[in-house]
Structures are given as structure tokens and as C-alpha cells.
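**Q** here is a sequence with its predicted model. Questions after.
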Amino acid sequence: MSKRVIQLLRVSTEGQAADDKAGLAAQRAVTQRTAATYGLEIVRTIEMSDVSGTAVLRAPEMQELLRLIESPDIHGVIAREFSRLMRPENFKDYELLQAFVDTHTVLYLPDGPIDFSSSMGGFMGLIRAGMARIERREILARMNDAKEAMRLAGRNTGGQSTLPFGVDYSDARGWSYTTEAEKVRTAFDLVRSTSLPYAEIARRLNIPRTNLRFILQNPIYMGIRQYDQRRDPSTGGYTPGNDGRQGHRRKIVRAPEEVIRRKVMDGLVSQEVFQAVQHILNSRATREQAVRTKNAPKYLFNGFLYCGVCDSAMYSHTNQKDRHYYCKLNSTRARKLNPGSVCPTPYIRAAVIEPKIEELLSVRLQHDGFLGGIAEAYIEQQSQEMPIGVSDSAAIQRQIESVTAKRGRILEAFFDGTIDRRQRDEELARVDAELKAYQGIVATSTVAGPSVSAADLADLFSAFVEMPFLQRDDKRSLLRGLGVGVFVSGYEIRALAMRNLAGLDCNTDNRSRMAPSVLRGRPCP
């Protein structure tokens, strides 16, 4: 009886998988000969595009392959080369080999089968995987060296999508400007001869406004192709595509000695015009920076303020007369989407609410009497909660330990061959459900919190003592570091949330405005 196997075909690009290409046909011819040699029956074919690195197991085709090999009717996978199965970039990729071991799947290659569950097969699998890894890296190195040589020769190394605006390239004609390049020439003239803003120039020429400045800074319009960036070759520089597809590497700045500048064609503008425009662009950037510095951010608590009624974020708004905070649900967009969800919290003048919040943090939270009231309310709240009894807690913990041990015995039985995969999965499903139930009981049970004193609170809030003497950026860094969130309704401070104060409930209310229960179980924002 012939063994049933899955045929794995792999191509690097969609173009190689086209009907007029020989990539898949060549692989099928090799796998058919391998199947005939070892008496195999190909019952399923999986075509896989190029996937490598940590994304290999996330690819839909690989997920399908892993699902199929778990079937007892499937005995192996057939491929033309080991690299068609995997091209590891780090040790996480070797999880695929472990899946072959667990399912007793044999990999059939033209030069012989590899049984990963055997000692010699596992050793050979690791060796072949390491060789595939080296092969991939050598291929990438050769490709990168070839592209760098093309850049040094003044040739284009990418497709049409990588070309600058208004520029074309072909191997036969070389570099040239398109008809759209006249827009760029006009943009240079308008920047030199007028004081029009970028937005107006872009509107007149039908060019995206955000692209205009970058276009005007590109030396290709002097006829010079410049490469001052390169792809990051490190492992951290790779970003996989969707569903584990081939992704991209981020760009990083080249070292000065690695920058490539080549004269590839006659310029659209002269070097004098280009440099004059760069001077204008830099002058405008300096003026804009000065304006932004003069009109520095006017709000201290934007990003830290929340609505005390609906817990939504508070946004900032500046009109001709004053500065305000308002609830997110009162924004124009929110009212259009759902007119019925408008929050009753009114607009709040920043000049009124911000000093109140600063006073709460730097003055009131430093008074022993105020902090003593908070500590008393916290202890009273904790005493009203019913913790799990010691005996009940111990019993539940013993049950968790018993179920965990039972789970280990099921896995040992499977590894010893006493039970099969189906029995293992059924038993584990029942045990895991029981374990999850006990863990849920523990997670949802309330446990009495630690005792707290005014001295403890004073130590925690002492970070705000010098807040009035700090600059705006330093104040915001302090608020951000402690994870502060302030809940207000009108000009009342309803709650103060602090994420990064360990050991306490993270919420305190302004006792001068609220009821005695000043430490509450409200979630941190």
C-alpha cells in the first residue's frame, strides 16, 4: 500500500507561479519522480509563496500544512529541496521541525527521506535547516552586492514605484524626465519668485501637499541620483507582511562614506536654482520653528484629563477669547455619529481647572489631615469586602495542583504511546476546562488589601511637592511617568487615577468635592 503524502511547491514571487513560467512545473516534475521512487501517493498540493523568518508559521498555507499532517492518513511531505520547506532566520523557526516530530511526518526529498522523529533524522534535519539558513543569507548578500554595484554604476535597482515624481528609467534609454516633471520645474520657479505657501503651490500644480517639500529637496532634479539611506540588515529591521507574507526592511541613514551620488542625466534645474530653493526652504523652516516655539502648547493637562461623568477623554479647544477643555462625546464628530450620546459635562476653562488640579497635587495631597482621611476611607472600603476564607482558598489551591498533576500524567501517557493523539486531546480538553474554572474562582475572588497610613500616602505623593516650580515639559514628564489621569465634571475634580503607584488602589478622589469614600475601585484610564 502506497503512503499518502502532501506535495509542497514554493515560489518566491507570484510571477514565478504564473502559467507561462516553469518554476512550479519544474518542481512538480521532480516531486513526481520522487513519489515514483518511494512509492508515494500525492493526495494534496500546497502552493506556498516566499515566507521566511518568524512569519513562517503564520502563513495560511503553512497553517494548512500543519493541520493536514496531524491526520493519521498523511504519512509525509514531499518537496524538491529542504529550503522549499523552511528557511530559518532564528531559533523560533525550528518549531516547524518539532511539529514534524510530534506528528511522525517524514520529509521526502530527491536525495532521500528525512524522518525527524529518529535520532539520525533529527540530526540531519537540523543540519539541513542550518544549511538552508546559510544559503538564504548568501543569496541575500549576493543580491545586495549586485544592487550596490548597479547604484554605483548609475543604474536603477527598483521598479517604477521607487522612482521619484516625474522621473522614468529603462535599461535601454537610461534616466529621463516625464511630462509631469514640468510641474516640478514650475514648483521651483514659484518658490523662488513668490511667497506662496506650500499648500497653495501644491493645489495649483495638483501635487500632494505633504510631498512637495520632499520633491523640492531631491537632487535628482539636478540630474544627480543620490542614495543616502539603505535597508537595515539586522534581524530587528525586518517587518513581515500580512499573514506571514514577505515583508520589508526599514530604511536607515547611510554613513557619510557610504553615500552614493552619481550624475545620471542633464538636470531639470541648474545647481544654482536648486541651491537657492534649498536656502528658501531652510529659511521657511526656521521661521516656522520660531512661530511654533512662540506659540508653545497652551495646555498643561491635555492627554491627562478625563470626563468625570462618562470617563471619555477631554479634548482641548482654543477660540478667540479663551482656552477650554471639552468631553470627547461633545465633539462635532461624536454628535454627528450619535446625537443621543452627548455628555452633560460642559466646556471647562483651562485657566480655572488647571490651577485647581495643580493645587490638589502639590498642596492638598501633602497635608497630613487630608491624607489621613483618604487612608481611613481606604481601610473602611477594604473592610467591607468579603475575602475568601483561608480554608476555602487552601482547598481551591489543592484542587488546582491536583488537576495540574493530572494534566502532566496525560501528556506522559501520550509520550509513552499508551494513548493516541485523539485521546490526548479529549482528556486535555476536559482537564483544561476544569483547571480554568478553578483559576476563574481565584481570579474573581476579592482579597483584602494591605493596610495604609497617611505616612505611606505622603511618601507616594511627595513627587508632586515641587511641581509648581517645574516647567511645562517637566510637569508633563512627571504626570506621564506616574500614569496620572484626572477625572473632572464641570469645575469639580471627581477622581485622581495613578497607574504607576504599586501597592495601593490607584484611585483617589478630591475629598473637598466628594463623599467620604475617597479611594474607590474605579479602573485606571
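**A** Arrived safely, thanks for sending. Residues are numbered from 1 along each chain as shown.

**Q** where along the stretch 301-450 of the chain do the strands fall?
**A** Remark: strands assigned in the stretch 301-450 of the chain by DSSP state E, counting those that start in this stretch are 305-307, 314-318, 323-327, 348-349.

**Q** for the ones you listed, give me a markdown table that also has distance to Ile224.
**A** C-betas here are computed from N, CA, C, even on glycine. Output for the strands of the stretch 301-450 of the chain, formatted as a markdown table (distance: least, Cβ to Cβ, whole Å):
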| stretch | distance to Ile224 |
| --- | --- |
| strand 305-307 | 51 |
| strand 314-318 | 45 |
| strand 323-327 | 48 |
| strand 348-349 | 55 |
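
**Q** looking at these, which is buried most?
**A** Each of the strands of the stretch 301-450 of the chain was given a mean neighbour count from mean count of other Cβ atoms under 10 Å, and the largest, a mean of 23, is that of strand 305-307.

**Q** which strands or helices does whichever helix in the chain runs longest pack on?
**A** The helix spanning the most residues in the chain, taking DSSP state H as the definition, is helix 119-152. Contact partners of helix 119-152 among helices and strands, from 3 or more Cβ pairs under 8 Å, 6 or more residues apart in numbering; DSSP states H and E: helix 95-102, strand 112-115, strand 260-263.

**Q** identify whichever of the strands of the stretch 301-450 of the chain lies nearest to Asn144.
**A** Evaluated over those, closeness to Asn144 peaks at strand 314-318, with 47.4 Å, by Cβ to Cβ.

**Q** and that closest one with strand 323-327, angle?
**A** Orientation check (axes from the mean of the first three to the mean of the last three Cα atoms, to 10 degrees): strand 314-318 against strand 323-327 gives 150 degrees.

**Q** so where's the stretch 151-300 of the chain uncertain?
**A** Scanning the stretch 151-300 of the chain with the threshold set as pLDDT under 70 gives 235, 240-246, 291-297.

**Q** all helices for it, in order.
**A** Taking DSSP state H, counting those that start in this stretch, the helices of the stretch 151-300 of the chain run over residues 181-193, 198-205, 209-216, 271-294.

**Q** in the protein, where is pLDDT below threshold?
**A** When the per-residue scores of the chain are filtered using pLDDT under 70, the ranges that remain are 1, 12-22, 49-58, 235, 240-246, 291-297, 378-379, 381-393, 441-452, 500-525.

**Q** quick one, helices of the stretch 351-500 of the chain?
**A** With DSSP H, counting those that start in this stretch as the criterion, the stretch 351-500 of the chain has helices spanning 368-384, 390-415, 421-444, 454-461, 472-482.

**Q** I'd like to know which elements the fourth one is packed against.
**A** When contacts are defined as 3+ Cβ pairs under 8 Å, 6+ apart, helix 454-461 packs onto helix 368-384.

**Q** single out the most deeply packed of the helices of the stretch 151-300 of the chain.
**A** Comparing the helices of the stretch 151-300 of the chain by mean neighbour count (mean count of other Cβ under 10 Å), helix 181-193 comes out on top with a mean of 17.

**Q** which outside residues touch it?
**A** The list of residues contacting helix 181-193 from outside it, by Cβ atoms under 8 Å, 6 or more residues apart in numbering, reads 165-167, 196, 201, 204-207, 212, 215-216, 221, 268-269, 273-274, 276-277, 280-281.

**Q** got CSV for the helices of the stretch 151-300 of the chain, with distance to Arg424 too?
**A** Formatted as CSV, the entries for those read as follows, by distance: least, Cβ to Cβ, whole Å:
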stretch, distance to Arg424
helix 181-193, 67
helix 198-205, 64
helix 209-216, 57
helix 271-294, 64
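
**Q** out of these, which is closest to Gly121?
**A** With Cβ to Cβ as the measure, helix 209-216 is the member of those nearest Gly121 (54.8 Å).

**Q** can you give me the angle that closest one makes with helix 181-193?
**A** 90 degrees.

**Q** with only the CA atoms kept, save helix 209-216 in PDB.
**A** In PDB, the C-alpha atoms belonging to helix 209-216 read as follows (Å, rounded to 0.1, in the frame of the first residue of the first chain):
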ATOM      1  CA  ARG A 209       0.900  69.000  -0.300                       C
ATOM      2  CA  THR A 210       2.900  66.700   2.000                       C
ATOM      3  CA  ASN A 211       5.100  65.500  -0.900                       C
ATOM      4  CA  LEU A 212       6.000  69.000  -2.300                       C
ATOM      5  CA  ARG A 213       8.800  69.800   0.100                       C
ATOM      6  CA  PHE A 214      10.400  66.300  -0.300                       C
ATOM      7  CA  ILE A 215      10.200  66.700  -4.100                       C
ATOM      8  CA  LEU A 216      12.000  70.100  -4.000                       C
END
